[in-house]
Each structure stands twice: as structure tokens, then as C-alpha cells.
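In: Quick one, structure for this:
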Amino acid sequence: MRVGLHALGIGDGARPEVIRAVATAAEAYGFARLWCGEHVVLVDAPASRYPYSADGRIAVPADADWLDPLLTLTFAAAVTSRIELASGVLLLPEHHPVLVAKQVATLDVLCGGRFSLGVGVGWSAEEFAALGVPFAQRGRRAEEYLAAIRALWSEDPASFTGEFTRFEAIRVNPKPLRGGRLPVVVGGNSDAALRRAATLADGWYGFNVPVADVPAHLAVLADECARHGRAFDELTVAVALSDGLPEHLPALGAAGVTELVVVGAPPPAPDAATAWVAKLARTWIRPEE
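Out: Next up is the predicted model:
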């Protein structure tokens, strides 16, 4: 099974020297992919419930540094040559789709075609309000934006008419190296996110999922694939576990998980960050060493 690492862009992981150390070490020690998530806005006392913890609260302090994921991964791309990169996740309805198409294509060209676009719909009403984007119907907005982005990647000139965005005969270049085939991964643990992954995307990213809940999520994903005439094995399935152990990997792989994503916060010193990545690799990639 592939093993990815979700550790860049927040707190100490937002420091350039630590990003460099983590990215280069992750490539050297055999991690398959670097993931980087997004929040444009955090607030001190959100009324919105965080969906990826039992208490509904995000563990990241509101005053922590949180870098833009596309810029962070561009930096990581510049210091690596082989490891794949993915946004995990970009909150798509918060962004203009024409700009996202341009930014993602730029990153993909600069990294030599190593990027996958992970998208989600978001959970923080306060963040949407600060950005002036309606929180309601964000799922529909994300679905439409994704269709518009793919049109921009695959057509030149491109036209699109939807409920939330429209453009006529425009050229947005460069194109991603794989054009409209650049992989898109839908993040989120809800049934709606699993439906979007099965119907609109190339993969699913489950975040902070208890090991015991993985089979149920995969069953929903497989059912949605069957309902829409799609083979389950067409999708990549990446999962970050809340309570996983290396001994869980064989069963997860047999169930259909293709990538285990290790989530962690690197230490602040570059040398310590390199050693931290090496220890994670010994634990998750080469546990026999």
C-alpha cells in the first residue's frame, strides 16, 4: 500500500526550512505523496461544528500560521523531483473556478505533472461569511465549479454556463500536463462526499477516520459506484486514520484502501524534522527495519 504524509503548511510545518526538510526527507524515505490542507480563515470561538473530531472542535489554534496549500506545494515541488503532491483539501466553493484552473495548471506544470487536486466543500460558516461566499448550496457550487475547471483544462477556447459561474470562449493557459485528466480527489467523510467521489472524481480522501468506520465508508462508496455504473477499482482511496496502527494496513488494503495518509506536525528544527520523517517511514513504510 502507498503511504502519504499530511504534515505541511501549519504551525512549525509552515516554516520554509521545515517544509524543505520534510519534503526532501519524505521523498528520500519513500512516501508516495505530500498532502496539504486549507483554511483561509479561522475564528476564536466558531459556532460551526468541526466534523472530523468527536468534540466538534478543530485542534489547530485560530492564531496558528496556516499557509495557502497551492503555494506551499509549489515550494515543496521546487525542492523535490519524484514525490507526488495533493491538496488535502482545497475548499473549492470558496474560490473562483477560473483562478483555480489557472493556479492548479501552473503548479502541475512546475512540478512536472505530480499534482492531484483534492477538493472539499468546507464546514465553517464563519469562513464563508468572511469571504463573502454563501454557505448554503456549497456542495452544488463545488460540483459546478469542478465541471467548469475541467472544461478550462480540456478546451481552448472554453465556454461554460451554470448556476454560479459562466464564461464564453476564454483561453486559460497553461493546461495541466494531463489536461482534463489531472486527477481530482474528493475529501470528506459524509455520504454526500462519497457520492461526489464516486460520480465526479478520480478518488476519495477520508480524513481522521476511525479504523472501525472504514468498511462502512467504503461500502457507501462502492454502492454509489454501482448505482452510477462505475467500477469501484477505478477510484483511488486515501484514508487518514484517527487511531490506526501499522498492523491494520493489510486489512485496509484488502478492503480497497490504496493509500494510507499519515497525519502529523513536524518539529520546528529542520534536522529534527528530517529525523521525524525517517521515524515515520520506519513505522509505516518499512516496519521491519
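
In: Just the residues contacting the longest helix anywhere in the chain, thanks.
Out: Using DSSP state H to define each element, the chain has its longest helix at helix 138-154. Residues outside helix 138-154 that contact it (CB atoms under 8 Å, 6 or more residues apart in numbering): 92-93, 95, 97-98, 100-101, 104-105, 119-122, 128, 133-134, 158-160, 162-165, 167, 170, 172, 175-176, 179-180, 182, 184, 192, 196, 200-201. The way it works is simple: take the backbone N, C-alpha and C, and place the C-beta from them, glycine included.

In: does the closest residue to residue 103 other than its chain neighbours sit in a helix or strand, and which one?
Out: Distances taken as CB to CB, 6 or more residues apart in numbering put residue 70 closest to residue 103, at 5.2 Å, once the chain neighbours are dropped. Using DSSP states H and E, residue 70 sits in helix 69-78.

In: likewise residue 175?
Out: Residue 175 belongs to no helix or strand, assigned by DSSP H and E.

In: Enumerate every residue touching the most centrally placed residue in the chain.
Out: In the chain, the C-alpha nearest the mean C-alpha coordinate belongs to residue 88, at 1.8 Å (CA atoms, centre = their mean). By CB under 8 Å, 6+ apart, the contact set of residue 88 is 6, 35-37, 69, 118, 185, 187, 205, 207, 261.

In: Need the pLDDT of it.
Out: We have a pLDDT of 97 for residue 88.

In: Helix, strand, or coil at the closest residue to it other than its chain neighbours?
Out: Nearest residue to residue 88, sequence neighbours excluded (CB to CB, 6+ apart): residue 35, at 3.5 Å. For residue 35, the assignment made with DSSP: H, G, I helix; E, B strand; the rest coil gives strand.

In: Distance of residue 35 relative to residue 66?
Out: Going from residue 35 to residue 66 by CB to CB, to the nearest Å gives 14 Å.
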